[in-house]
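Peer 1: fold the stuff below for me.
(2 chains)
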Amino acid sequence: MLVVDRIARSFGNVSAVRDVSFTVERGSVFGLLGPNGAGKTTTMRTILGIYAPDAGRITWDGAPIDLGVRRRFGYLPEERGLYGKMKVREQIVYFGRLHGVPASVATRRAGAWLDALGIAGYADRPCGELSKGNQQKVQLACAVVHEPELLVLDEPFSGLDPVNAETMLACLRELAARGTTLVLSSHQMFQIEHACRAFCIVAAGTVRANGTLAELRATFPTRTLRVSPDVPAIRAVFASAGAGEPSFDEDAGELLYELPRETDFGALLRAAVAAGPLQTFERREPTLSAIYLRAIGGAVPEDRR
Amino acid sequence: MNELAIVFRAELLRKLRSRLFWIATAGGMFAIALLIEAPLFFGSIAESSASDVLLAGPPALVARAKTLMERKKDYKIVATVAALPPHVTAAYLAAHGKAGAAVALAVRDGRLHLDVYPRDLSAFDGAQFRDLVPLNIELVTGVASARVDRALTLDRTIHPIGEKFADTRTAALAHGVAFGMVFILYLAIIIASQSVMSAVAEEKTSRIAEILISTIAPADLLAGKVLAAAVIAIVQVGCWLATAAALVPFAASSQLFTSTPLGPGGATPAALGIDPLLALYFIAFFILGYLQYATVYAAAASLISRTEDLGSVTTPVILPVVGAFFVAQYALVEPNAPLVVICSFVPFLSPFVMFTRVAISVVPWWQPLAALAIDAATVWLCFVGAGRVYRVGMLLYGKLPSAKQILAALRA
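Peer 2: Alright, predicted model coming up:
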C-alpha cells in the first residue's frame, strides 16, 4: 500500500505541494487529478524519490521509499524521453537492467511487450525513427519491463490519438489485472473515470477531494434531473418543490434541474406523473468531470459542459 | 555499483557506435601523421630552400667560403660560378641547383663583400652568412681564417650528470615531445569532456534524465558517463600516441624536432626524452585532468534546457582548459618561472603545467606528487559538487538557473 502523508515541497519561494495526503491500495488504479500547476507532477516525482519532501512522509508497504524500493517502481513521465539513436529493443532492455532485471529476462520481456504493443516490427530500429505514438508505446514498455509493483504515469494519454489511447488503456488494464498498482494523472476525464478505482483531486498544492467515485459522488451536493416534455404543468411541479430555474438541453429537448442530493426523487416522480404526460424522468449521478470542476472551484452543472 | 556498471557499459557502447568517435579518432591519427610527415614531405617537394646557396666569385674565395659555410651544415652549396649575370632571376637560381639564394663574393677595400640575391625575401635573415666572418677577419687582419675560427670558438665540454637528459640534443627533443604530449592531453580532455557534456545535454533535453534519476542515484549516473567517456578517451589517445610512436622515429631522425639529426640509435623513446615515469605522469595527469573537466562540464550541461543553450554554458567552462594550455606553452619556455611553478599546483591547470615541467625540466620529486594529490582531491570535490548541481540541474527546465540557485544546490 502506498501512503502519502501530508507531504509538502517548495522550490524557492514557490510552494508546489503544500499538503497532500492519500492512500493507494495495492493492486488498485488511482487517479491524481488537478489543473496545470496543481502539484501533481511534483507529488509523483516525490513518490518516486526524485524530490525529497520538505515535510511529510511517503511509505510503500509501511517502509520508507529508498533506492531499493524505487527500483520496484516504474515511471512514465509526461515528457517522453528516449535515446533517439538507441534501438527499440535495446532501450527497453537497458531500462530493465537499470531496475535489476537480468539481461536475458529483460530481452525476453521486451519481446513480449513489443508484441503486446504491436511494435515488434520496430524492435531493431532506432527510437528516433518511430512515430510519436509508437515512441510512447516504447516508453511504456521501458516503464514496465521490470514488472513494477507500483507504476506511476504522468499524463499517459497526452498526445495520443484515440486508437493509441485505447491501446494504452488496454495495457493499463492488463497491468492492473496482473496486480500492478497504478497511480496516474490525466486531463482525459472520461478515460480516467473508467480506468481508476479511486481519485485524489489536488489544486494549488492541497487535496480538494479524495476517495472512490462512489464516495466522491456521495458527498456531491446536487444531482441532475433530466425531465421532458417541457410543459407548464411539469415546470409547476418542480417550482412547487423549490427547484430553481432549469436549463434546457435543446438537442434532447429536456429540462435539466440541479437538485439537492437529499431531494425525495420518488415523491417528485409521482407528482410529475400526476401532472401530465411525463416522457423522461432521469436522475443522473455526477460525473468525475463535474466533481473535479466543483472541487477545484469552477463547478458548473455537468450537462452544460 | 551494479547500476554504475550498466550505465558505463551502455554509454561505452553508445560512444563506440557513434560515427563521431571513429571520425575523431581517425581524423586525429591522420592529423598527427600529417603533422609528423608533412615537414618531410613538403621539404622533399619544395622547389628551393633558403639554405641552398649558389656561390659566385673568384674560385679561391668561393672555395674558402664554401668550406666555412658547409662546415656547420647550416648551408648547402648547390652550385658555384665565377660570376653572376647582370640580372639574377628565379629561373637562373632554379637552373643552378634550385638555389634559394645566390651570393656573389668579392673583396672591396680589403674586406669581404657579399651581394645576396635571395629568392624569398621573407626567408632571408640579415644575420645570415655569419659563418663567413672568419674569412672577413682574415682579409682585414691577415690572420688565417682557420686560426680566427679557433679563436671564435670556445672549447667546451658538457658533462650531463644524468638527472634528466643524456645530452643537449635529447633535451631539445624533449621540448618537441612535451609540446606534442601536452597538445594531445589538451585535445583529448577537450573532446572527452565535451562528449560527456553533449551526452548529459541529450539526456536533459530529451527528458530521459527524469526516468533515470527515479531509478538510479545521480552520482552513479554521472560516474558511469564520465568513466565511459574516460575509457573512450584513453582508447582515442592510445590510437593517437601509437600513430605518433610509429612515425616519430623516422621523422625525428630526419630533423623533425631539432636542426641536428639523431645519431645511429635513431629516435628511441629514451632518445626522445620519454622515460617510463613520464609516461606514467602523462596517464595520471590525463585521468585526473579529464575527471576534473568532465565533471564540471557534465554539471554545466545539466543546467540547460535546450541544446541551443549549450553554448552559453560551454564558454565559461572552456576558458580554464584553454588558459591551462597557454600557461603550458609558457612553461615550455620557462619551466621554473614563479608563475609557472604556482600554476603547476593549481587545480585544472596543473595537469598541463606540471606535466610540462616534469617533461622538460628537473622538478623536485615531491612537486608532481603534491600536484597529483591536489588534483585527486579536486576530482573528489568536483564529483561531489557536480553531482549536486547535476541532481538539481537535470530537473530544472526553463531559463538557466541563477548563480544563487547553483550555490544553493551545492550547499544542499
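
Peer 1: pLDDT weak spots in chain A?
Peer 2: For chain A, the stretches flagged by pLDDT under 70 are A:298-305.

Peer 1: domain ranges for it?
Peer 2: Residue ranges for each domain of chain A read A:2-214, A:221-285, as given by automatic domain parsing.

Peer 1: go on, chain B?
Peer 2: The record's domain split for chain B, according to automatic domain parsing, is B:2-40+B:167-411, B:51-152.

Peer 1: show me where the chain has strands.
Peer 2: The chain I'm using is chain A. Remark: strands of chain A, listed N- to C-terminal, are A:2-11, A:14-24, A:29-33, A:55-60, A:63-64, A:73-76, A:150-154, A:181-185, A:198-203, A:206-212, A:222-228, A:247-249, A:254-260, A:280-284; assignment by DSSP state E.

Peer 1: that's the other chain; I wanted chain B
Peer 2: Counting by DSSP E, chain B has these strands, from start to end: B:49-56, B:76-81, B:99-108, B:111-118.

Peer 1: still on that earlier bit, chain A is nearest to which of the domains of chain B?
Peer 2: Distances from chain A to each of these were compared using C-beta to the nearest C-beta; the minimum, 3.5 Å, belongs to domain B:2-40+B:167-411. Placement of C-beta: from N, CA and C, glycine included.

Peer 1: residues contacting stretch A:99-110, please?
Peer 2: Outside of stretch A:99-110, the residues that reach it under the criterion C-beta atoms under 8 Å, 6 or more residues apart in numbering or on different chains are A:71-72, A:74, A:89, A:92-93, A:96-97, A:123, A:141, A:145-148, B:2, B:215.

Peer 1: only the buried subset of those residues, as a PyMOL command please.
Peer 2: Applying 16 or more other C-beta atoms under 10 Å in any protein chain shown to these, the buried members can be selected in PyMOL as follows:
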select buried, (chain A and resi 71+72+74+89+92+93+96+97+123+141+145+146+147+148) or (chain B and resi 215)
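
Peer 1: which one of the contacts of stretch A:99-110 is nearest to B:Q292?
Peer 2: Set against B:Q292, the nearest of the contacts of stretch A:99-110 by C-beta to C-beta is B:N2 (26.4 Å).

Peer 1: skip the chain neighbours and tell me the closest residue to the closest one.
Peer 2: The spatial neighbour of B:N2 that comes closest, neighbours along the chain excluded (C-beta to C-beta, 6 or more residues apart in numbering or on different chains), is A:G100 at 7.5 Å.

Peer 1: turn the strands of chain A into JSON lines, columns for distance to chain B.
Peer 2: Formatted as JSON lines, those follow (distance: least, C-beta to the nearest C-beta, whole Å):
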{"stretch": "strand A:2-11", "distance to chain B": "9"}
{"stretch": "strand A:14-24", "distance to chain B": "12"}
{"stretch": "strand A:29-33", "distance to chain B": "16"}
{"stretch": "strand A:55-60", "distance to chain B": "13"}
{"stretch": "strand A:63-64", "distance to chain B": "16"}
{"stretch": "strand A:73-76", "distance to chain B": "5"}
{"stretch": "strand A:150-154", "distance to chain B": "8"}
{"stretch": "strand A:181-185", "distance to chain B": "13"}
{"stretch": "strand A:198-203", "distance to chain B": "20"}
{"stretch": "strand A:206-212", "distance to chain B": "22"}
{"stretch": "strand A:222-228", "distance to chain B": "41"}
{"stretch": "strand A:247-249", "distance to chain B": "43"}
{"stretch": "strand A:254-260", "distance to chain B": "42"}
{"stretch": "strand A:280-284", "distance to chain B": "40"}
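
Peer 1: now do B:I32 against B:K15, distance only.
Peer 2: Going from B:I32 to B:K15 by C-beta to C-beta, to the nearest Å gives 21 Å.

Peer 1: B:V235: neighbour count?
Peer 2: Residue neighbour count, defined by other C-beta atoms under 10 Å in any protein chain shown, stands at 15 for B:V235.

Peer 1: nearest residue to it in space, please, no chain neighbours.
Peer 2: B:T25 (7.6 Å).

Peer 1: hang on, isn't that neighbour packed against B:G238?
Peer 2: No: between B:T25 and B:G238 there is no contact under C-beta atoms under 8 Å: 9.6 Å.

Peer 1: these two: which is more packed in?
Peer 2: B:T25 (19 against 12).

Peer 1: wait, what's in contact with the residue nearest to B:V235?
Peer 2: When contacts are counted by C-beta under 8 Å, 6+ apart, B:T25 is found next to B:235-236, B:239-240.

Peer 1: make a PyMOL selection of the buried ones in the residues you listed.
Peer 2: To isolate the buried ones among the contacts of B:T25 in PyMOL, judged by 16+ other C-beta under 10 Å, type:
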select buried, chain B and resi 236+239+240
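
Peer 1: closest residue of chain A to chain B?
Peer 2: A:G81 (3.5 Å).

Peer 1: backbone dihedrals for that residue, both of them.
Peer 2: With angles defined as degrees, to the nearest 10, A:G81 sits at phi -140, psi 120.

Peer 1: what distance do you get for it to A:G128?
Peer 2: With distances taken as C-beta to C-beta, A:G81 is found 12 Å from A:G128.

Peer 1: same check, this time on A:S158
Peer 2: Here A:S158 is placed at a distance of 20 Å from A:G128 (C-beta to C-beta).

Peer 1: these two - which one has more neighbours?
Peer 2: It is A:S158, of A:S158 and A:G128, that has more neighbours when counted by other C-beta under 10 Å, with 15 against 12.

Peer 1: was I right about the more buried one contacting A:P77?
Peer 2: No: counting by C-beta under 8 Å, A:S158 does not reach A:P77; the two are 10.4 Å apart.

Peer 1: I'd say B:I208 and A:E79 touch.
Peer 2: No: between B:I208 and A:E79 no contact is recorded; they are 9.6 Å apart, counting by C-beta under 8 Å.

Peer 1: neighbour count winner among the two?
Peer 2: In this comparison of B:I208 against A:E79, neighbours counted by other C-beta under 10 Å, the higher total goes to B:I208 at 24 against 14.

Peer 1: about what we covered before: out of the domains of chain A, indicate the one that is most buried.
Peer 2: Each of the domains of chain A was scored by mean neighbour count; the highest is domain A:2-214, a mean of 19, by mean count of other C-beta atoms under 10 Å in any protein chain shown.

Peer 1: what is the neighbour count of the closest residue to B:L152 other than its chain neighbours?
Peer 2: When the adjacent residues along the chain are set aside, B:L152 lies closest to B:P134, with 6.4 Å between them (C-beta to C-beta, 6+ apart). Burial of B:P134, expressed as a neighbour count using other C-beta under 10 Å, amounts to 23.

Peer 1: pLDDT wise, what is B:P134 at?
Peer 2: The per-residue pLDDT reported for B:P134 equals 87.

Peer 1: for it, which residues are in contact?
Peer 2: When contacts are taken as C-beta under 8 Å, 6+ apart, B:P134 is in contact with B:68, B:145-146, B:148-149, B:152.

Peer 1: could these go into TSV alongside pLDDT and neighbour count?
Peer 2: As requested, these are exported to TSV (pLDDT from 0 to 100; neighbours: other C-beta atoms under 10 Å in any protein chain shown):
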residue	pLDDT	neighbour count
B:L68	84	20
B:S145	77	20
B:A146	77	13
B:V148	81	18
B:D149	77	17
B:L152	80	12
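
Peer 1: just those residues: which are in helices?
Peer 2: B:68, B:145-146, B:148-149, B:152 (DSSP state H).

Peer 1: switch these over to CSV; also include distance to A:D154.
Peer 2: Listed next are the ones in helices among the contacts of B:P134 as CSV, based on distance: C-beta to C-beta, whole Å:
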residue, distance to A:D154
B:L68, 87
B:S145, 93
B:A146, 94
B:V148, 92
B:D149, 89
B:L152, 87
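
Peer 1: if we can go back for a sec, please identify the most buried of the strands of chain B.
Peer 2: Of all the strands of chain B, strand B:49-56 has the most neighbours on average by mean count of other C-beta under 10 Å, namely a mean of 22.
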